[in-house]
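[1] coords please:
(chains A and B)
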2 protein chains.
Amino acid sequence: MQHNLQDTISVLTRTPAVLDALLRGLPETWTLQNEGEKTWSAFDIVGHLIHGERTDWMPRTKRILQFGETKAFEPFDRHAQERESQGKTLAQLLDEFARVRAENLNELRALNLEPEDLARRGLHPALGVVTLSQLLATWAVHDLTHLHQISRVMAHQYREGVGPWSAYLGVLHCAGHSAP
Amino acid sequence: MQHNLQDTISVLTRTPAVLDALLRGLPETWTLQNEGEKTWSAFDIVGHLIHGERTDWMPRTKRILQFGETKAFEPFDRHAQERESQGKTLAQLLDEFARVRAENLNELRALNLEPEDLARRGLHPALGVVTLSQLLATWAVHDLTHLHQISRVMAHQYREGVGPWSAYLGVLHCAGHSAP
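    As a prediction, the model looks like this:
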């Protein structure tokens, strides 16, 4: 299955509601715990997604359309949420994510991208030449990688609680591959 | 973190809405595709969750309370959804899952389980002696293992589409550990 813009938008549109249904009002034992030192909690992950909406996906889309391969993307700050989420509640972050995602999707739709636009090339500071199609596919899979991570981080909290069933529960055998 | 019944219920309550937000109305390229031969699509997974509601979690809870270790659980049929989901739409399965889950949670709450109940022991046909606490913790982590799986199955559909970004997307490096 190749990248299809409408299929991508169908995933991107749903993610805020998915995270809302999963996390809003959930006890902090689920949302503030992580998988150990230097790992992320669900709270951290939502902050990371917000930072991506602000600095990654649409700014990079516009850079490709404006500069092609002549100007590399800004590197992404994977620690931004440590500052930006400070003093906020998870409910506030969920609201903020829904708002910035909706704004970005409005902006994306307004670009009326055609197949020839999707084939345009840009320059990633580490990966080299990439296409707009790959960037947009990655935006959707990035949502899925963090949904995958949140389910794993939550499951980790019951690693002991499930007793011998841990043998059958795949999520407890996932080594965690969401970095960098 | 040890098993806590209210924390478990807080996850179990949310899962139908999470799957609804993620899957309802999504193009079939996301919901009917799997990861290859003998693997499951999102459609298959929702059917599997329904079968668990009918035959696994509450029937086993009641067997522990009634028979303790003297009568093993019925083995779980991992292929039941191949029959039971036939001819149904994903929207019907999502409705059905929400209904049976809500019924089961009503029944669970009505049991008014006390800590000494949670310590009661039952007999799993393969794993041997387990506690009611472990069974209920497993119910929640089983939801999370399949959310983890659905996000991975969906991401798999864009494995080619993301191009060089696949190196950064953890979900594409998850070997899949949800069986058996």
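[2] from here on, contacts and neighbour counts on C-alpha atoms
    OK.
[3] which elements pack onto the worst-scoring helix or strand of chain A on mean pLDDT?
    The helix or strand of chain A with the poorest confidence is helix A:80-84; it has a mean of 92 (mean pLDDT, DSSP states H and E). Using 3 or more Cα pairs under 8 Å, 6 or more residues apart in numbering or on different chains; DSSP states H and E, the elements in contact with helix A:80-84 are helix A:42-55.
[4] which stretches of chain A form strands?
    Using DSSP state E, the strands of chain A run over A:121-124, A:128-131.
[5] ok, the first one near chain B or not?
    Just to be clear, that refers to strand A:121-124. No. Figure legend: strand A:121-124 not in contact with chain B (Cα under 8 Å from any Cα of the partner chain); closest approach 9.7 Å.
[6] average model confidence for that strand?
    Averaging pLDDT along strand A:121-124 gives 98.
[7] what are the buried residues along that strand?
    A:121-124 (16 or more other Cα atoms under 10 Å in any protein chain shown).
[8] how about these in a markdown table, adding distance to residue A:79?
    A markdown table is the format used below for the buried residues of strand A:121-124 (distance: Cα to Cα, whole Å):
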| residue | distance to residue A:79 |
| --- | --- |
| A:121 | 27 |
| A:122 | 24 |
| A:123 | 22 |
| A:124 | 19 |
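[9] buried residues of stretch A:54-73, list them for me.
    Per 16+ other Cα under 10 Å, stretch A:54-73 contains these buried residues: A:56-58, A:60-61, A:63-65, A:68-69, A:72-73.
[10] flag the shaky bits of chain A, pLDDT-wise.
    Within chain A, the segments meeting pLDDT under 70 span A:1, A:176-180.
[11] what about the helices in it?
    Secondary structure of chain A (DSSP state H): helices at A:5-23, A:28-31, A:42-55, A:57-67, A:80-84, A:90-110, A:115-118, A:132-156.
[12] so which of those helices is nearest residue B:22?
    helix A:5-23 (5.7 Å; Cα to Cα).
[13] hmm, the closest one in reach of chain B?
    Yes. Helix A:5-23 reaches chain B (Cα under 8 Å from any Cα) through A:7, A:10-11, A:14-15, A:17-19, A:21-22.
[14] want to throw those into TSV with neighbour count?
    Shown next, in TSV, are these (neighbours: other Cα atoms under 10 Å in any protein chain shown):
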residue	neighbour count
A:7	16
A:10	17
A:11	21
A:14	19
A:15	21
A:17	19
A:18	19
A:19	20
A:21	21
A:22	25
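[15] contacts only, for the residue nearest in space to the middle of chain A.
    For chain A, the residue sitting closest to the mean C-alpha position, by Cα atoms, centre = their mean, is residue A:143 at 3.8 Å. By Cα atoms under 8 Å, 6 or more residues apart in numbering or on different chains, residue A:143 lies in contact with A:12, A:15, A:49.
[16] hmm, back to that, what's the offset of the least confident helix or strand of chain A from the middle of its chain?
    15 Å (Cα atoms, centre = their mean, to the nearest Å).
[17] ditto for stretch A:111-119
    Taking Cα atoms, centre = their mean, the mean C-alpha location of stretch A:111-119 is offset from the chain mean by 23 Å.
[18] kindly report the same for stretch A:67-74.
    That offset, for stretch A:67-74, works out to 22 Å (Cα atoms, centre = their mean).
[19] start and end of that stretch, how far apart?
    13 Å (Cα to Cα, to the nearest Å).
[20] is any residue of it near chain B?
    No. Using Cα under 8 Å from any Cα, stretch A:67-74 never reaches chain B; the gap is at least 13.7 Å.
[21] ok, stretch A:160-173 next?
    Yes. Contact of stretch A:160-173 with chain B (Cα under 8 Å from any Cα) involves A:160-165, A:168-173.
[22] how far does that stretch stretch from start to finish?
    With Cα to Cα as the measure, stretch A:160-173 spans 13 Å from end to end.
[23] what comes up buried for it?
    Of the residues in stretch A:160-173, A:161-166, A:168-173 count as buried by neighbour count, 16+ other Cα under 10 Å.
[24] and stretch A:28-36, by the same measure?
    Buried residues in stretch A:28-36 (16+ other Cα under 10 Å): A:30-31, A:33-34.
[25] do the same with stretch A:152-160
    Buried residues in stretch A:152-160, counted by 16+ other Cα under 10 Å: A:152-159.
[26] so for it, first residue to last residue, what's the gap.
    End-to-end distance of stretch A:152-160: 14 Å, with Cα to Cα as the criterion.
[27] list the contacts of that stretch.
    Here stretch A:152-160 has contacts from A:29-31, A:33-35, A:40-42, A:166, A:171-172, A:174, A:176, B:1-3, B:137, B:141, B:144-145, B:148, using Cα under 8 Å, 6+ apart.
[28] for stretch A:162-180, same thing?
    By Cα under 8 Å, 6+ apart, the list of residues contacting stretch A:162-180 reads A:145-146, A:149, A:151-152, A:155-156, A:159, B:3, B:127, B:130, B:133-138, B:141-142, B:144-145, B:148-149, B:168-171, B:173-180.
[29] list the residues that contact residue A:5.
    Residues in contact with residue A:5, defined by Cα under 8 Å, 6+ apart, are A:133, A:136-137.
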